[in-house]
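Participant: just coords:
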């Protein structure tokens, strides 16, 4: 929930392209633009995805307002269905001028690639009067920017690498034109092992105490983020609320600096000189997959054992047959044995083990679908916690991955002899 | 703007959520909806992404027209910023009624999880009069569907797995309500191990021969799908083009019946009574994670060894130190040894091994980033193939997962003594 900023309108994005309306391609450009502008107190009020027709683009332009910063992506190429320039010029009532510099750049580009000037060049050299080009460092279509009808317009090609290449130039231009408000101060707490609704409730008192701050909650792959922002003049409130939330959320928070959870684990493991291994049953490798998604994880990640079949748990991890026969594969005794065996056999300082019933089948009254045991072995001992995840197979597995990775984070933070589950207020039921 | 289809308006999608407007999360739900409706001659005319405010949602609703099929995603949860139900009711001028069946389902859901009814339940039981609920098979928020103000509305939760879980029920409901134009007859080939542009080119001749058919290409997690559709009266052409594409695409096609690649592997393995294990280095567990994403995979999946560190490759898989010193970890000799060692130590009929340089670091002139070896061990021999994936770390790893799973598919289809890479036209370079 961002708030409007005095003097500036909204950011509005118009993504043009039939391919975005047929399910073949998702509009990822809007996210790129938003992230590039993220430090600024500019609220994005509307994203419109429209087809390659003059009429649809005109209607989308009608939904912008004076003061808005309007990004248009796509439709700047040289084929007949590239209509963004024409549509904007027609809507604004300005002519299209040929830009000699753009033409020279395009011709130079083709000359270097050994091809002669191609059909379609005419349209790519056309610039709606009032805009000026931004040289594309990656492809042929230039970006265009300038003020028209009281709005600031930025037109960018739809091909993501070209758009990404142009964004730094766009930011420069917008700064020079005074088209960006100053940044809004924000703090973000990234939490794991707590559901969104519980987290919102944990913030209730702080929200009530600081009603002028902006609060929002974001689901991530690892848990839920809380973001608090302050309007200019209210920044001092952030420091106060920050101390309050730190105390309230405590160990639920894995970072306040934006890193994702596997990166936090990597940084902690590397800083403490610890190596890690995994033993996975229901997650089938996704814990290892998550940890190794971070570049540089080879500095601490040794590997793991995927013990999906029970006899693999016995042969590769040393889980006693009596545990499997007595307690079953989804049990405290089993994940303790898995973690200890994995730590020893893979020669790691720490090992995490996961065994659960992801669904849809396999649930019982005692152990319903979602029941998941996680074990952690350290040089000082073996710990285990039990979860009941509430969702379907896919999501239960992802929740188990986040919980397992976060259990490692807590052990790395708190020391080998402290159970990562000896706290209140997580999804863990014991 | 409306290419109205036989009395139907357009598909319009309204994605509600601040998180979609701050660049943290991309709207992938619109693509899911479009793909689910893809077989119908229904044009998507506009996607709007709007913030969590009553006013923004109202304005988005103003941009729909009678006859439209309107999907709204997000804002159906139980927190104060979930406003979709309220906004639609206010816009349509209908009251919100508490739905007893929805309440009973939510309470039953919580009872099963051993927790008492929570705050926020009130809003989740509210249904704008005129809509009726669709039970969510995955999460708590029900879907809602029905006619209001001359439009057909479908409200779905924004969490992708919940939305995916509800889409089949939505299609049923829309069919029963006559809210979809008649389906076009369609055939879909799901392919792996070929890039989109190459695949399009492989279809060129068939497209030229059948110009009245509709052709589209869709990226999936496993490769690229080709979908061909026929207008009423042209259905006979589908059979002809089907035989032609079968011959042209041959083993690139893993199914024509819609299953995903890991499900195809599971079905083949179970039918042939084969067990499978994995040995992963650069993918870190994602191959095992993909295979075990399918319910019932315990019928054939034994487990695996994640050998990220080289000494784990030696100790757990029996890779000779001389191979690591001589050829290196990313080499034909290494994946052959990994696959053979994994097959033997885990007691599986088939094993697949992956070792590559995912990036961003670690590339050399000889072995640039993206270089990935995949090995397969069968009772009859060991085979290996080399890929050079063209993307960043995340995507290179996913491409490697798809290639490894597809290698298993080909061995299961063709027999133990045939290399899965002895074919032309894959990404494999040898």
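Facilitator: Arrived safely, thanks for sending. As the structure is a prediction and not an experimental result, all values here were calculated from the model.
Participant: secondary structure class for the residue lying farthest from the centre of chain A?
Facilitator: The centre of chain A is farthest from one residue, residue A:322, which by Cα atoms, centre = their mean lies 43.7 Å away. Of the three states, residue A:322 takes helix according to DSSP: H, G, I helix; E, B strand; the rest coil.
Participant: For it, give me its contacts.
Facilitator: For residue A:322, no contacting residues are found, by Cβ atoms under 8 Å, 6 or more residues apart in numbering or on different chains. For glycine as for every other residue, the C-beta is placed from the backbone atoms N, C-alpha and C.
Participant: From residue A:121, how far out is it?
Facilitator: Per Cβ to Cβ, to the nearest Å, residue A:322 is found 78 Å from residue A:121.
Participant: Okay, now the unreliable bits of the stretch 151-300 of chain A?
Facilitator: A:183 (pLDDT under 70).
Participant: Do a quick rundown of the strands in it.
Facilitator: A:151-156, A:185-191, A:214-219, A:224-230, A:253-255, A:276-280 (DSSP state E, counting those that start in this stretch).
Participant: Distance to chain B and mean neighbour count for the ones you listed - can I get that in CSV?
Facilitator: Below are these laid out as CSV (distance: least, Cβ to the nearest Cβ, whole Å; neighbours: other Cβ atoms under 10 Å in any protein chain shown):
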stretch, distance to chain B, mean neighbour count
strand A:151-156, 15, 24
strand A:185-191, 10, 20
strand A:214-219, 5, 18
strand A:224-230, 8, 22
strand A:253-255, 15, 21
strand A:276-280, 7, 32
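Participant: need those in a markdown table with distance to residue B:54, can you?
Facilitator: A markdown table is the format used below for the strands of the stretch 151-300 of chain A (distance: least, Cβ to Cβ, whole Å):
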| stretch | distance to residue B:54 |
| --- | --- |
| strand A:151-156 | 25 |
| strand A:185-191 | 24 |
| strand A:214-219 | 17 |
| strand A:224-230 | 21 |
| strand A:253-255 | 32 |
| strand A:276-280 | 45 |
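Participant: now stretch A:142-152: how far from the chain's centre is it?
Facilitator: In this view, stretch A:142-152 has its centroid 29 Å away from the chain centroid, taken as Cα atoms, centre = their mean, to the nearest Å.
Participant: buried residues in that stretch?
Facilitator: Buried residues in stretch A:142-152, counting neighbours by 16 or more other Cβ atoms under 10 Å in any protein chain shown, are found at A:142, A:143, A:144, A:145, A:146, A:148, A:149, A:151, A:152.
Participant: Which single one of the residues you listed is nearest to residue A:273?
Facilitator: residue A:143 (47.3 Å; Cβ to Cβ).
Participant: Tell me the secondary structure at residue A:86.
Facilitator: Applying three-state DSSP: residue A:86 is helix.
Participant: circling back to that earlier point, with the buried residues of stretch A:142-152 in mind, which one is nearest to residue A:20?
Facilitator: Residue A:20 lies nearest to residue A:143 out of the buried residues of stretch A:142-152, by Cβ to Cβ, at 18.9 Å.
Participant: re the thing from before, list the ones among the buried residues of stretch A:142-152 that fall in strands.
Facilitator: Applying DSSP state E to the buried residues of stretch A:142-152, the entries found in strands are A:143, A:144, A:145, A:146, A:148, A:151, A:152.
Participant: hey, what's the first one bridged with?
Facilitator: Counting by DSSP bridges, residue A:143 forms beta bridges with residue A:134.
Participant: I figured it hits residue A:137, correct?
Facilitator: No - assessed by Cβ atoms under 8 Å, residue A:143 is found out of contact with residue A:137, at 10.1 Å.
Participant: Are there residues contacting both of these two? Which ones?
Facilitator: Common contacts of residue A:143 and residue A:137 (Cβ under 8 Å, 6+ apart): A:166, A:169.
Participant: Any part of stretch A:78-96 near chain B?
Facilitator: No - applying Cβ under 8 Å from any Cβ of the partner chain, one finds stretch A:78-96 out of contact with chain B, separated by at least 12.5 Å.
Participant: Going by neighbour count, which residues in that stretch are buried?
Facilitator: By 16+ other Cβ under 10 Å, the buried positions in stretch A:78-96 come out as A:78, A:82-92, A:94, A:96.
Participant: Over to stretch A:54-65?
Facilitator: A:56, A:57, A:59, A:60, A:61, A:63, A:64.
Participant: and if you look at stretch A:350-360?
Facilitator: So stretch A:350-360, judged by 16+ other Cβ under 10 Å, has buried residues A:350, A:351, A:352, A:353, A:354, A:355, A:356, A:357, A:358, A:359.
Participant: My read is that the first one contacts residue A:380, right?
Facilitator: No - the pair residue A:350 and residue A:380 fails to qualify as a contact (Cβ under 8 Å) at a distance of 10.4 Å.
Participant: Overlap in contacts, the two.
Facilitator: residue A:416.
Participant: Within range of chain B, give me the residues from the stretch 101-250 of chain A.
Facilitator: A:196, A:197, A:200, A:201, A:216, A:217, A:218, A:219.
Participant: Tell me how far the first one lies from residue A:28.
Facilitator: Pointing back at residue A:196 there. Distance from residue A:196 to residue A:28, counting by Cβ to Cβ: 24 Å.
Participant: quick one: residue A:229 from residue A:9, how far?
Facilitator: Taken as Cβ to Cβ, the span from residue A:229 to residue A:9 is 19 Å.
Participant: Quick one: the helices in the stretch 1-150 of chain A, in order.
Facilitator: Under the criterion DSSP state H, counting those that start in this stretch, the stretch 1-150 of chain A contains helices at A:29-36, A:54-62, A:84-92, A:100-112, A:121-124.
Participant: Now the weakest link among these, please, by mean pLDDT.
Facilitator: Least confident of the helices of the stretch 1-150 of chain A, judged by mean pLDDT, is helix A:121-124 with a mean of 77.
Participant: Show me which parts of the lengthiest helix in chain A are buried, residue by residue.
Facilitator: The helix spanning the most residues in chain A, taking DSSP state H as the definition, is helix A:393-414. Burial within helix A:393-414, assessed by neighbour count using 16+ other Cβ under 10 Å, is assigned to A:393-412.
Participant: Please work out the average pLDDT along that helix.
Facilitator: Mean pLDDT, helix A:393-414: 95.
Participant: Next, the angle strand A:276-280 makes with that helix.
Facilitator: Helix A:393-414 and strand A:276-280 are oriented at 150 degrees to each other (axes from the mean of the first three to the mean of the last three Cα atoms, to 10 degrees).
Participant: Wondering if helix A:393-414 reaches chain B at all.
Facilitator: Yes - using Cβ under 8 Å from any Cβ, helix A:393-414 comes into contact with chain B via A:393, A:394, A:395, A:397.
Participant: thinking the third one is in contact with residue B:160, fair?
Facilitator: No - using Cβ under 8 Å, residue A:395 makes no contact with residue B:160, being 9.4 Å away.
Participant: at contact distance from chain B, anything in stretch A:341-351?
Facilitator: Yes - using Cβ under 8 Å from any Cβ, stretch A:341-351 reaches chain B at A:345, A:346, A:347.
Participant: separation between the first one and residue B:302?
Facilitator: In this case it means residue A:345. Going from residue A:345 to residue B:302 by Cβ to Cβ gives 17 Å.
Participant: With neighbour numbers in mind, choose between the two.
Facilitator: Regarding residue A:345 and residue B:302, a neighbour count based on other Cβ atoms under 10 Å in any protein chain shown identifies residue B:302 as having more, with 24 against 18.
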